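The following comprises the amino acid sequence and a computationally predicted model.
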Amino acid sequence: MKAAVWHQAKDIRVEEVQEPKAGKGQVKIKVKWAGICGSDLHEYAAGPIFVPVHEPHPVSKDMAPIIMGHEFSGEVVEVGEGVTKVQVGDPVVVEPILRCGECPACKSGKYNLCEKLGFHGLSGGGGGFSEYTVVDEVMVHKMPEGLSYEQGALVEPAAVALHAVRVSKFKAGDKAAVFGTGPIGLLLIEALKAAGASEIYAVEVSKERLKKAEELGATAVINPMETDPVETLVKFTGGGVDVAFEVTGVPAVLQQAIDSTAFEGETVIVSIWEKPANILPNNVVLKERNVKGTIAYRDIFPAVMELMKRGYFQAERLVTKRIALDQIVTEGFEALLKEKNQVKILVKPE
């Protein structure tokens, strides 16, 4: 079968690889649609970050070269011994977290904070940029009736956004700012709407993405190339937002996000970073602000799919391009690096 394989930064190849089989407790999936994530783009442009290169990942037991792709939906075509959660023919999405199940975080139920955290499609184990993939039963969620496979490919990134809102101090009626309106930032705007935000501000340099943020419900949009985002947010809100979400991974933006919050405000770092960022600690200390991080999601896929049934996180409003697997480098990764009008690109492995 064909698969997109990461060898090193700027070296992803579509190759023929062996088709996997479902073992005990495993599910084999024919991939229908897979999304290119910001994390995939980081691995392509500047990896390795999650890709294991010097030694095998402790959960997947794999190391580079590895098959990529962790945002995907598909159809169950084979189940291994002991599988009861799904059956052949079921439409499913995959929660691609690899966890050890034994560390303190895992034992407390916070498996996304596992000491050996990895991701199917980033840390080995196969991936969604392939015709077929095999995952453990625990990673599979049956899609409810009425959701398309395209919609299913957006469950994983929407889960990142919804989890970020859930773990923040945000409460209904609060004011929020989203710094960066790529796919996760736009999904955050929708998650904040679902959570009852009174005002949502989007900060972004791409005019096309700012327009999309407005379409999805942002109260106002701010281009930091045209106006100071901190001054503007403080003016618009009468002192600052309650919660700011940093979704760019750009060092200078982190300080802007912190400074845009009111006293006792909170900044949530959602990005995965390629390099360090400096902040001014006194800007946190003197206003008793909080800064926290969030990674992935936990126990949230069913809630995301229920919100999708209610009209949130709609594929037709977020997907800007659909490509074949053979086009994944030129029309996928390179397009995302060069074309700021792109939001979510979906790949069809067939």
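Thanks, I have the structure now. Numbers count the residues shown, from 1 in each chain.

quick one: the helices in this structure?
For the chain, helices defined by DSSP state H occupy the ranges 38-46, 104-107, 149-152, 155-167, 183-194, 207-215, 229-237, 251-259, 281-285, 301-309, 315-318, 334-338.

I would like the residues contacting the third one, please.
Residues outside helix 149-152 that contact it (Cβ atoms under 8 Å, 6 or more residues apart in numbering): 32-33, 72-74, 91-93, 143, 308, 313-315, 319, 346. For every residue, glycine as well, the C-beta is placed using N, CA and C.

tally of neighbours for Thr248?
Neighbour count of Thr248, defined by other Cβ atoms under 10 Å: 24.

ok, it - contacts?
Contacts of Thr248 by Cβ under 8 Å, 6+ apart are 179-180, 271.

for Pro183, same thing?
Contacts of Pro183 (Cβ under 8 Å, 6+ apart): 35, 37-38, 157, 318, 343-344.

Not counting its neighbours along the chain, what's nearest it?
Lys344 (4.8 Å; Cβ to Cβ, 6 or more residues apart in numbering).

Correct me if wrong: that neighbour contacts Ala34.
No - between Lys344 and Ala34 there is no contact under Cβ atoms under 8 Å: 11.1 Å.

ok, the two, which is more surrounded?
More crowded of Lys344 and Ala34, by other Cβ under 10 Å: Ala34, with 31 against 25.

now the contacts of Thr248 as TSV including pLDDT?
Below are the contacts of Thr248 laid out as TSV (pLDDT from 0 to 100):
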residue	pLDDT
Phe179	98
Gly180	97
Ser271	95
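
ok, of these, which one's closest to Glu199?
Phe179 (15.0 Å; Cβ to Cβ).

How many residues are close by the closest one?
As a burial measure, Phe179 scores 28 neighbours (other Cβ under 10 Å).

For beta bridges, what are the partners of it?
Using DSSP bridges, the beta-bridge partners of Phe179 come out as Val203, Glu246.

how much space is there between it and Glu246?
Going from Phe179 to Glu246 by Cβ to Cβ, to the nearest Å gives 5 Å.

Name the residues contacting each of the two.
By Cβ under 8 Å, 6+ apart, the residues touching both Phe179 and Glu246 are 253, 257.

can you pull the contacts of the closest residue to Asp40 other than its chain neighbours?
Leaving aside its sequence neighbours, Asp40 sits nearest to Met68 (Cβ to Cβ, 6+ apart; 5.9 Å). By Cβ under 8 Å, 6+ apart, the residues touching Met68 are 4-6, 12, 40, 43, 121-122, 127-129.

do the same with Ala34
For Ala34, counting by Cβ under 8 Å, 6+ apart, the contacting residues are 69, 71-73, 128-129, 153, 346-347, 349.
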